[in-house]
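[1] predicted coordinates and the sequence they were generated for:
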Amino acid sequence: MTTVAVILAAGMGKRMKSRMPKVLHPILGDPALLWVLRALPTELEAAIVVIHHGKEKVLAALESWRKEELLPCRVLTIDQGEPLGTGHAVRICAAELDRLKASRVVILSGDVPLIRAETVAALCTSEGSLLAMELPDPDGYGRVIQNLDGSLSTLVEQRDASPAEQAITLVNGGAYALPWSLLRPALHRLKNNNAQGEFYLTDAVADIASKHAIQVNFCDTEELAGMNSRNDQAALQASAQWRINTSWMKQGVSFLDASSTFLGPRVRLEQDVLIEPLVRMEGLVHVGAGTHVGQGSIIAGGEIGKEVSIRPYSIIEGAKIGNHCVVGPFARLREGTELQSNVHVGNFVETKQTLLKQGAKANHLAYLGDSEVGENSNVGAGVIFCNYDGVSKHRTTIGKDAFIGSDTQLVAPVTIGAGVVIAAGSTITGDVPDHALAMTRATLVLKAEGAIRYWERLKKKT
Ligand code: UD1
Ligand code: CA
């Protein structure tokens, strides 16, 4: 059996009221389409994504996911042209499905993001089935009518349904596994003489069901919920949040307030991680055992070691943090930051493309850009690495056991040797050799009782 998935993603998603194609709207940081693609099994021959509205954006997103190796299998795209219905969308793929020698076609919707990998895997071994769910309020969905043995009899879209059919609460989830040999002719027989003037995929499925048994498989409503509006998006986000957070709790992670913690699907947490309220983590994140993530922190990509303390309101953007580090409160670790173990980066410190070696500290109000700070060196309060001359960026390198006094500016490119002491308030514009003491300072001017004369002078003026 050669199984090919077709993912429908060409519609514009009018009800989202957005300039961005619907399938790119995120659920906990990852676009809906990426959730669907990541649920595909790696054994698939290929997945064809049918695109049209906003296709440049969808193509760019697919390309970036391919580069980041987020796609489990080969993904092709086909432009549907003007979308004339879900049946038309699959029919457009016929030549490609023939070329791929597909024997089974698994069809999913790009706007049904929470379908689980297990569910898709089961669909990929089926001889013919569709996923359905029981909805107390079935409004908007197609209705499923079963034969006495439970297999599919037919499908009716809401807008074409009689009042009796509208009362049916078993709805079509829009996910199917169908033999290509039967689907192919059924698609060619499709007509658009229905309420919406569209070529319905559901009509092709019903056509197949008249000759070949199609199983109706029941699914959780959460898995098959579609994203058609911003309300749906918020509801999907809430279910995804609950699904993800409860799964981490089962694996030994504590939340002070799971309802205000937002963890994306690519976040990995080890045992005894403790997460305070209002934390958001998205993209590819790994947090080691026993690490504590303080209130209001955002981790957008990052590799965080064991027993790290991320204090409240820290922002981590793709940084690597070693074991036993202390970060924040209010620290910002930007791209290319690497902290080896036992490093301390304190409040109002920003780092970018910077390596802080083991035991190094920058505890207060500093900017460290394009730099390397040696083992156990101490960067004082208010230190600035002046990395940018207005045209290019330059590097600052500091050896081990150095002491950079408060309010120093290191004007890059500059190399500070091991064991160096730089006096507070210096502006360092040249290299400093190992174990030297460097200072640049205006002379101290002292006037005896000058303060008294100063105030007298001011008072006279008023
Ligand atoms: C569809 C089903 C309905 C089912 C529901 C489940 C049909 C006719 N109806 O309705 O029975 O209950 O899904 O979610 O299939 N798309 C294209 N090209 C098109 C039209 C749509 O690629 O020409 C894509 C859309 O972008 C979307 C998906 O197909 O990702 C589903 O289309 P949508 O218009 O949302 O169908 P529903 O009305 O939800
Ligand atoms: Ca839909």
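    Received it, and whenever you're ready, just let me know what you need. Ligands and ions are numbered 1, 2, ... in the order given.
[2] residues near V349, how many?
    25 (other C-beta atoms under 10 Å). Placement of C-beta: from N, CA and C, glycine included.
[3] so what's it bridging to?
    Beta-bridge partners for V349, by DSSP bridges, are A366.
[4] can you tell me how far it sits from I316?
    To I316, V349 is 12 Å away according to C-beta to C-beta, to the nearest Å.
[5] ok, now which ones touch the residue in the chain that ligand 1 sits nearest to?
    Of all residues in the chain, the one sitting closest to ligand 1 is G142 (2.3 Å; C-beta to the nearest ligand atom). Shown in contact with G142 (C-beta atoms under 8 Å, 6 or more residues apart in numbering): 155-158, 171-172, 174, 202.
[6] please redo it, this time with the cut-off set to 6 Å
    155, 157, 172, 202 (C-beta atoms under 6 Å, 6 or more residues apart in numbering).
[7] which residue packs closest to it, ignoring adjacent ones?
    N172 (4.0 Å; C-beta to C-beta, 6 or more residues apart in numbering).
[8] give me every residue in the chain lying close to ligand 1.
    Proximity of the chain to ligand 1, by C-beta under 6 Å from any ligand atom, involves residues 8-11, 50, 80, 83-86, 88-89, 109-112, 141-142, 157, 171-174, 200-202, 226, 228.
[9] flag the shaky bits of the protein, pLDDT-wise.
    By pLDDT under 70, the chain contains no weakly predicted segment.
[10] quick one: the helices in the stretch 351-462 of the chain, in order.
    For the stretch 351-462 of the chain, applying DSSP state H, counting those that start in this stretch gives helices covering 450-461.
[11] now find how far off-centre the longest helix anywhere in the chain is within its chain.
    Taking DSSP state H as the criterion, the chain has its longest helix at helix 230-250. Going by C-alpha atoms, centre = their mean, to the nearest Å, the spacing between the C-alpha centre of helix 230-250 and its chain's C-alpha centre is 14 Å.
[12] which elements pack onto that helix?
    For helix 230-250, the packing partners by 3 or more C-beta pairs under 6 Å, 6 or more residues apart in numbering; DSSP states H and E come out as strand 26-27.
[13] still on that earlier bit, in the longest helix of the chain, what counts as buried?
    Buried positions in helix 230-250, judged by neighbour count with 16 or more other C-beta atoms under 10 Å: 232-233, 236-237, 239-241, 243-245, 248.
[14] for the stretch 151-300 of the chain, which residue gets nearest to ligand 2?
    Distances between the stretch 151-300 of the chain and ligand 2 by C-beta to the ion are smallest at G226, namely 3.9 Å.
[15] the stretch 51-200 of the chain now?
    Nearest to ligand 2, among the residues of the stretch 51-200 of the chain, is D111, at 4.9 Å (C-beta to the ion).
[16] burial of the closest residue to that residue other than its chain neighbours, as a residue count?
    Ranked by C-beta to C-beta, 6+ apart and with sequence neighbours excluded, the top spatial neighbour of D111 is M227, at 4.7 Å. M227 has 27 neighbours, counted by other C-beta under 10 Å.
[17] now swap in R159 and tell me
    Counted with other C-beta under 10 Å, R159 comes out at 12.
[18] what's it sitting at in phi/psi?
    phi -70, psi -10 (degrees, to the nearest 10).
[19] tell me the contacts of it?
    A195.
[20] what's the distance between it and D139?
    Look at R159 and D139: by C-beta to C-beta, they are 11 Å apart.
[21] what does this protein put close to ligand 2?
    Within reach of ligand 2 by C-beta under 5 Å from the ion, the chain has these residues: 111, 226.
[22] quick one, domains of the chain?
    Split into domains by automatic domain parsing, the chain comes to 3-230, 243-438.
[23] and the longest one, how far out from the chain's middle?
    Which is domain 3-230. Per C-alpha atoms, centre = their mean, the centroid offset for domain 3-230 relative to its chain is 23 Å.
[24] just to revisit the earlier point, so what's the residue nearest to D111 up against?
    Going by C-beta under 6 Å, 6+ apart, M227 touches 32, 111, 233, 236.
[25] rerun at 10 Å
    13, 15-16, 22-23, 25, 27, 32, 35, 109-114, 233-237 (C-beta atoms under 10 Å, 6 or more residues apart in numbering).
[26] same thing with S210?
    152-154, 186.
[27] mind listing what's buried in the helix or strand containing V120?
    Assigned by DSSP states H and E, V120 belongs to helix 117-123. Judged by neighbour count (16+ other C-beta under 10 Å), helix 117-123 contains these buried residues: 119-120, 122-123.
[28] just the CA trace of it, in CSV.
    Only the C-alpha atoms of helix 117-123 are listed here, as CSV (Å, rounded to 0.1, in the frame of the first residue of the first chain):
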residue,chain,number,x,y,z
ALA,A,117,-0.7,11.5,15.6
GLU,A,118,-2.2,8.2,16.9
THR,A,119,-5.5,9.0,15.2
VAL,A,120,-3.7,9.9,11.9
ALA,A,121,-1.6,6.7,12.1
ALA,A,122,-4.8,4.6,12.6
LEU,A,123,-6.3,6.3,9.6
